[in-house]
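**Student:** Got a sequence here, can you model it:
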Amino acid sequence: MQTPLTVTFRNLEPSEAIEGHVRRRFADLGKLHSRIVDADVTIEAPQKRKVTGRAFKVHVRIGIPGPDINVTRESGLGNPAEDVNLAINDAFETAGRLLVERKREAAGH
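**Tutor:** Below is the predicted model of the structure:
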């Protein structure tokens, strides 16, 4: 059975490429923790640009037994395609570390 994953875009058009990147990163988390129940990923762009470029905010919530894992990361201003992927990668790397820690704690180490 596949783990439910919801990808939400705020203030930007949905992108198959970005959603595919999120789904690949999420699949990697399943290798770190076998008890993931569900997940939500929100990718948000600012409503109004005050300066050239866009800063993206990525929020990842991973549902596991016990408290959920919640991570929020923001990108800098620069190339929008690179920035959103950097924010996604950073959020998922942090979520992965937290999943490993939680798994270790549950095992009593």
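**Student:** Any regions of the chain where pLDDT drops low?
**Tutor:** By pLDDT under 70, the low-scoring segments of the chain are 1, 48-54, 77-82, 109.
**Student:** Please, where are all the helices along it?
**Tutor:** 16-32, 80-106 (DSSP state H).
**Student:** what angle do the last one and helix 16-32 make?
**Tutor:** Per axes from the mean of the first three to the mean of the last three CA atoms, to 10 degrees, the angle that helix 80-106 makes with helix 16-32 is 20 degrees.
**Student:** and residue 92, what does it touch?
**Tutor:** Residue 92 is in contact with 25-26, 28-29, 60, counting by CB atoms under 8 Å, 6 or more residues apart in numbering. All C-beta atoms are positioned from the backbone trio N, CA, C, and that covers glycine.
**Student:** So which of those wins on neighbours?
**Tutor:** residue 60 (27 neighbours; other CB atoms under 10 Å).
**Student:** My read is that residue 103 contacts residue 32, right?
**Tutor:** Yes. Counting by CB atoms under 8 Å, residue 32 is a contact partner of residue 103 at 7.3 Å.
**Student:** need the contact list for residue 29.
**Tutor:** 36, 39, 62, 92, 95-96, 99.
**Student:** ugh, wrong one, residue 64
**Tutor:** By CB under 8 Å, 6+ apart, the residues touching residue 64 are 33, 35-37, 99, 102.
**Student:** Please apply the same query to residue 102.
**Tutor:** Contacts of residue 102 (CB under 8 Å, 6+ apart): 33, 64, 66, 69.
**Student:** among the residues you listed, which are in strands?
**Tutor:** Under the assignment DSSP state E, the contacts of residue 102 contribute residue 69 to strands.
**Student:** Most neighbours among the contacts of residue 102, which one?
**Tutor:** With neighbours taken as other CB under 10 Å, the top of the contacts of residue 102 is residue 69, carrying 22 neighbours.
**Student:** Specify the beta-bridge partners of that residue.
**Tutor:** Residue 69 has these beta-bridge partners by DSSP bridges: residue 62.
**Student:** Which residues are in contact with it?
**Tutor:** 60-62, 95, 98-99, 102.
**Student:** Sweet, I'm off.
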